[in-house]
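1. Prediction below, plus the sequence it came from.
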Amino acid sequence: MRNFITFIALVCSLTVFGQVGIKKSSIDSGGTSTQSGTTKMIYTIGEVAVQEKTTGSFGISEGFINSDMFNTVGTEELTKLAGVSIFPNPTEDLLTISFENESKYDISISDLFGKLIQNKITDELKAEIHVSHLSPGIYWVLIKDVTNKTYAGYKIIKQ
């Protein structure tokens, strides 16, 4: 009889606790959502990568998405910007960026978590950006040619 009662208690506890699900959630430092038709995409900053699915040219990730400066989600198509030189890399104080063509350039420096650190807009053939205030580490530089709708992404090392 004791074994039967133990068995019933075990079955009841498995029935009760077996139905408990854990809802995925996170505490984030930033993010937002966008919707197109019936498809809604929510994106955040600060989570660890959990899952990724790619179909053709469409990719979706659950969790932290590393700053990938070569993929852009938007309504306009951007192509690769050529003729950009960034030096010195690694750098300590001053980062120089030179361009082959005159245009309007939007230069953004972000940390590896995607946080925008610095932004500069120029229409000169040469831009100088002071980085002495940055902590040593690796940063992303995204350069967009606003006029011609082209872009280039680079990793820089701050010593």
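-> Arrived safely, thanks for sending. Numbering: from 1, shown residues only.

2. Give the full set of residues in contact with the residue nearest to Gly137 when sequence neighbours are not counted.
-> With sequence-adjacent residues excluded and distances taken as C-beta to C-beta, 6 or more residues apart in numbering, Gly137 is closest to Lys158, at 5.9 Å. C-beta coordinates here come from the backbone N, C-alpha and C atoms, glycine included. The neighbours of Lys158, taking C-beta atoms under 8 Å, 6 or more residues apart in numbering as the test, are 90-92, 131, 134-139.

3. Determine which two of those are furthest apart.
-> Farthest-apart pair in these is Glu92 and Ile138; separation 14.3 Å (C-beta to C-beta).

4. contacting residues for the closest residue to Ser132 other than its chain neighbours?
-> The spatial neighbour of Ser132 that comes closest, neighbours along the chain excluded (C-beta to C-beta, 6+ apart), is Asp93 at 4.4 Å. Contacts were defined as C-beta under 8 Å, 6+ apart; by that measure Asp93 touches 130-132.

5. what do you get for Thr150?
-> Here Thr150 is in contact with 78-82, 144 (criterion: C-beta under 8 Å, 6+ apart).

6. just the helices in the chain please.
-> Taking DSSP state H, the helices of the chain run over residues 2-18.

7. Show me how it divides into domains.
-> What automatic domain parsing lists as the domains of the chain is 21-65, 79-158.
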